[in-house]
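**Student:** here's a sequence, model it:
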Amino acid sequence: MVILAHPDFWIEYIKNQNKIIPNQNYLEIFKIVMNLQNDFVYNHLWTAFFESVLSNEVNDSIDYVDVFNNIIINLHYNDRLIREDYNVIKNAVDFNNCFKKSSLINFLIVNEEKSLNNIKLERGTLIINNICKPNRNWVYSAILKSNRAEQQGLDYRDFKSNEQIQIFIQDLLNLKNPISKRFYIQSDYLNFGEIFEKVRGKSITYCTSEYSKFELKNISELQAEKISVNTYFGSNASYVVSNNRQYLHPRTIFYNNIVINIPHDFPQIMIENSNWYINLHYCPKTYLEKIRIISSYKKI
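**Tutor:** Have a look, this model is predicted:
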């Protein structure tokens, strides 16, 4: 993912680095910075703004500007620094506009919301101090911290209503500047439940591998199933089937290099049930593997 990090993000990171017991915000930031799948944008035209914020942080033992410059150099040498061609940033409004207008950046991160001076938050803005499972900030943080080895999870205990579950799915499948707006739902059943209520009408490919000999299945039955998919998800939805069931988990969602596993029937994902969980992780390699498999499915 591509990140625009506010100076207060780096202040929180720098001042907690050598603490025996760092705070929770630092632990979140540390995992995001250490995740090699994340790149950071910067432009030396922004130096005055960054240094003005960094130098306001008073600490006799830390030169925040110097440490930040070393971080930028380190990111550069590790090919994790991307130049964003945006003019001089002088204040929080410019900083937010840079993110808003960018076709490259996925997330803007600040440690505390006050650093944006009460500006209307854009989709993709992560406030570290406001992370609370399962809100939007938690969703963004979970994506940025996760990888194939470290998946993020939540379950029925983290939600208070079915609408909150639907909002969670909406936040997860509505990122800024995705590689593709289409997401793929793999399920062997045409049981949609309520969790997709707020993403109906989006670009969706519904995939199933339930057929051992789908080429022998009555075409009218397949067309009827396609109509069922379109009736629920809308005209932007497509329906594909396969006779190879071994490759894909029967209830998985793929979107923007994110893999979401839901090992329960979709209609079971509701507040009334206390037996389900959801795991997710960000992994381009896994995502591309799955999309390659889906590309061999037969479109109905």
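**Student:** any idea how this protein splits into domains?
**Tutor:** Following automatic domain parsing, one finds the domains of the chain at 2-145, 179-299.
**Student:** okay, those in a markdown table with distance to residue 155 next?
**Tutor:** Just so you know, the C-beta spots here come from the backbone N, C-alpha and C atoms, and that holds for glycine as well. Shown next, in a markdown table, are those (distance: least, Cβ to Cβ, whole Å):
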| stretch | distance to residue 155 |
| --- | --- |
| domain 2-145 | 10 |
| domain 179-299 | 4 |
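**Student:** just the pLDDT for the closest residue to residue 87 other than its chain neighbours.
**Tutor:** Once its chain neighbours are removed from consideration, residue 87 has its nearest residue in residue 45; the separation is 6.5 Å (Cβ to Cβ, 6 or more residues apart in numbering). Residue 45 is assigned a pLDDT of 94 by the prediction.
**Student:** give me the phi and psi for residue 109.
**Tutor:** Listed backbone geometry of residue 109 is phi -120, psi 130, with angles given as degrees, to the nearest 10.
**Student:** what about it, how many neighbours?
**Tutor:** Other residues near residue 109 come to 26 when the count uses other Cβ atoms under 10 Å.
**Student:** how about residue 160?
**Tutor:** Neighbour count for residue 160, taken as other Cβ under 10 Å: 10.
**Student:** in which helix or strand does it reside?
**Tutor:** Residue 160 is located outside every helix and strand, with elements delineated by DSSP states H and E.
**Student:** tell me if I'm right that it and residue 135 touch.
**Tutor:** No. Because the distance of 11.4 Å does not satisfy Cβ atoms under 8 Å, residue 160 is recorded as not touching residue 135.
**Student:** tell me the pLDDT of the residue nearest to residue 155 when sequence neighbours are not counted.
**Tutor:** Using Cβ to Cβ, 6+ apart and skipping residues adjacent in sequence, the residue nearest residue 155 is residue 277, 3.7 Å away. On the pLDDT scale, residue 277 is placed at 95.
**Student:** pick out the residue nearest the middle of this structure.
**Tutor:** residue 143 (4.3 Å; Cα atoms, centre = their mean).
**Student:** list phi and psi for residue 115.
**Tutor:** Summarising the backbone geometry of residue 115 under the convention degrees, to the nearest 10, its torsions are phi -70, psi -20.
**Student:** oh sorry, the question was meant for residue 90
**Tutor:** Main-chain dihedrals, residue 90, degrees, to the nearest 10: phi -110, psi -20.
**Student:** nearest spatial neighbour of it, chain-adjacent residues omitted?
**Tutor:** Taking Cβ to Cβ, 6+ apart, and ignoring the residues beside it in sequence, residue 90 has residue 49 as its nearest neighbour in space, at 5.9 Å.
**Student:** look at residue 193 and report its pLDDT.
**Tutor:** We note a pLDDT of 87 for residue 193 in this prediction.
**Student:** then residue 218?
**Tutor:** Note for residue 218: predicted pLDDT of 68.
**Student:** where along the stretch 51-200 of the chain do the strands fall?
**Tutor:** Chain-ordered strands for the stretch 51-200 of the chain, with DSSP state E, counting those that start in this stretch as the definition, fall at 81-83, 107-110, 125-127, 152-155, 183-187.
**Student:** which residues touch the third one?
**Tutor:** Outside strand 125-127, the residues within contact range by Cβ atoms under 8 Å, 6 or more residues apart in numbering are 99, 107-113, 116, 121, 137, 140-141, 144.
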